[in-house]
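Chemist: Here's a sequence, model it:
(4 chains)
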Protein chains: 2
Amino acid sequence: MDTKLLIINIATKLFQQKGYIGVGLNEILKECGISKGSLYHHFPNGKEELLMACLHSLNEAITGDIKEIFEGHSTTKEATNAMIEKLIVNFEAEGTLSGYTFSSIVSEMASLSDSVRKACTKLYSEIQTIYFHKLVADGFTNEEASSIALMITASIEGAMLLCLMQKTMEPLQVVSQLLPQILETRRS
Amino acid sequence: MDTKLLIINIATKLFQQKGYIGVGLNEILKECGISKGSLYHHFPNGKEELLMACLHSLNEAITGDIKEIFEGHSTTKEATNAMIEKLIVNFEAEGTLSGYTFSSIVSEMASLSDSVRKACTKLYSEIQTIYFHKLVADGFTNEEASSIALMITASIEGAMLLCLMQKTMEPLQVVSQLLPQILETRRS
DNA sequence: ACTAAAAAACAGACCGGTTGGTATGTAGGA
DNA sequence: TCCTACATACCAACCGGTCTGTTTTTTAGT
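Modeler: The predicted structure is shown next:
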């Protein structure tokens, strides 16, 4: 049981860094220090089953993180800024923020595997749900909250892509700076 | 010379759809109806040289498109909405908007090839420059314009990722609806 | 408590197929 | 007679996946 968890954790990290196709089974095996027989014992349906397990694990890790931050701040504005701040700190410390996104998996697999696509959709949907509830608590209508939650997700995800590309945290900083304007809409 | 262009066009399309690693040379050759010798005649340094040529071609196509739209509208607000509208129309017509993004290439290659990463950075930078000039013409200061240009890029890119994933154009519609709030900042 | 059978966990050789890349050859125009 | 443009055969390396065998742990019978 411990081995299965090890495989998931390492594979998750690799998939986030290099994408699904970009990581070979042998690389995962080597990094885990296990054999092919062991992997196929825990994941009889091979690589894609492993990916699904990784996405599931990622789901809990990411939504758990975000929930914690959003419970610790009174408004969406403060919470999102704290969240982005955490991303930036992590980026400075670890030199990457690939642990907080999986856009590489999405863009690779969206057109190839429907089940993977749906799993990713579910993940983003759960993240937006957290934003949504906080926004409603802030006084926004359901429709406004839904739109704003999507906007937050899109801009942060896009900013992370730009950060990874230009190896700067400037995009996330700018987004953190401009997002409040969206959050200061007059409520109806 | 015609063959080289054919290769670039088809390879560009495939790279955008499935990413760099996701497309094999054989697939490109088959789609082009040419042989391996022909490809390596035009691109002696192989796949990565072809990718660079594709990125260059993409650069001109995308920035050309955006320039045209931005010249045809008086304000940044109108232009961005028209641009997103065009994306949505294209999405409805062709069922995909992978022709307007290359996030799959970015997220795959950002950590693998520095030259590819830099080429992508240049491309995004040129796009943001177009936004920037229009924003300055709108009356924003240089710093404001720079920030807003980045925000437009990030949110649209993030929205495109979400659209491709959930096979809906809702994310782009929402972004198009909320972006004006950023563009109505009081100018200093 | 001791043991033997059964099951779970793991190891490694092997498979056909595909990968990007190379080397050699040829058709055709200048 | 070159040189460009293309075609073909071939290469080692690697891909995901299967197979068989071995070790380790759990379970069951006495």
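Chemist: can you give me phi and psi for the spatially most central residue of chain A?
Modeler: Against the mean C-alpha coordinate of chain A, by C-alpha atoms, centre = their mean, the closest residue is residue A:101 at 3.6 Å. Note on residue A:101: its backbone torsions stand at phi -140, psi 170 [degrees, to the nearest 10].
Chemist: Next, find the distance separating it from DNA strand C.
Modeler: 25 Å (C-beta to the nearest atom of the strand, to the nearest Å). Just so you know, the C-beta spots here come from the backbone N, C-alpha and C atoms, and that holds for glycine as well.
Chemist: Can you check the pLDDT for that residue?
Modeler: Note for residue A:101: predicted pLDDT of 92.
Chemist: Not counting its neighbours along the chain, what's nearest it?
Modeler: residue A:160 (4.9 Å; C-beta to C-beta, 6 or more residues apart in numbering or on different chains).
Chemist: which helices and strands does whichever helix or strand the one you found is part of pack with?
Modeler: Using DSSP states H and E, residue A:160 sits within helix A:142-166. Where contact means 3 or more C-beta pairs under 8 Å, 6 or more residues apart in numbering or on different chains; DSSP states H and E, helix A:142-166 is packed against helix A:76-94, helix A:103-109, helix A:114-138, helix A:170-183, helix B:103-109, helix B:114-138, helix B:142-166, helix B:170-183.
Chemist: So for residue B:42, which of those helices sits nearest?
Modeler: Among the helices and strands packed on helix A:142-166, the nearest to residue B:42 by C-beta to C-beta is helix B:114-138 (18.6 Å).
Chemist: What is the burial count for residue A:172?
Modeler: Residue A:172 is flanked by 22 other residues according to other C-beta atoms under 10 Å in any protein chain shown.
Chemist: hang on, isn't it packed against residue A:166?
Modeler: No: Residue A:172 is beyond contact range of residue A:166, at 11.2 Å (criterion: C-beta atoms under 8 Å).
Chemist: and chain A, which residues reach DNA strand C?
Modeler: A:1-4, A:33-38, A:40-42 (C-beta under 7 Å from any atom of the strand).
Chemist: quick one on the thing from earlier: contacting residues for the residue nearest to residue A:101?
Modeler: By C-beta atoms under 8 Å, 6 or more residues apart in numbering or on different chains, the contact set of residue A:160 is A:87, A:97, A:100, A:101, A:103, A:171, A:172.
Chemist: Of the residues you listed, keep whichever come out buried.
Modeler: Neighbour-count burial (16 or more other C-beta atoms under 10 Å in any protein chain shown) applied to the contacts of residue A:160 gives A:87, A:97, A:100, A:101, A:103, A:171, A:172.
Chemist: could the residues of chain A next to DNA strand C be laid out in TSV, adding pLDDT and neighbour count?
Modeler: Below are these laid out as TSV (pLDDT from 0 to 100; neighbours: other C-beta atoms under 10 Å in any protein chain shown):
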residue	pLDDT	neighbour count
A:1	66	6
A:2	89	6
A:3	92	14
A:4	95	15
A:33	94	10
A:34	95	17
A:35	95	10
A:36	96	11
A:37	94	8
A:38	95	15
A:40	97	15
A:41	96	12
A:42	96	17
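Chemist: Against which helices or strands is the helix or strand of chain A with the lowest mean pLDDT packed?
Modeler: In chain A, the helix or strand scored least confidently by mean pLDDT, DSSP states H and E is helix A:103-109, which has a mean of 92. Counting contacts by 3+ C-beta pairs under 8 Å, 6+ apart, helix A:103-109 packs against helix A:2-18, helix A:46-71, helix A:114-138, helix A:142-166, helix B:103-109, helix B:142-166.
Chemist: and the shortest one, C-alpha only, in CSV?
Modeler: Once side chains and other backbone atoms are set aside, the C-alpha atoms of helix B:103-109 remain, and they are given as CSV (Å, rounded to 0.1, in the frame of the first residue of the first chain):
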residue,chain,number,x,y,z
SER,B,103,-0.3,26.5,-24.7
SER,B,104,0.3,22.8,-25.2
ILE,B,105,3.7,23.5,-26.7
VAL,B,106,4.5,26.0,-23.9
SER,B,107,3.6,23.8,-21.0
GLU,B,108,5.4,20.8,-22.5
MET,B,109,8.6,22.5,-23.6
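Chemist: you'd agree residue A:9 is up against residue A:57?
Modeler: Yes: counting by C-beta under 8 Å, residue A:9 touches residue A:57, with 7.4 Å between them.
Chemist: before we move on, back to that, closest to chain B among the residues of chain A next to DNA strand C?
Modeler: residue A:36 (21.4 Å; C-beta to the nearest C-beta).
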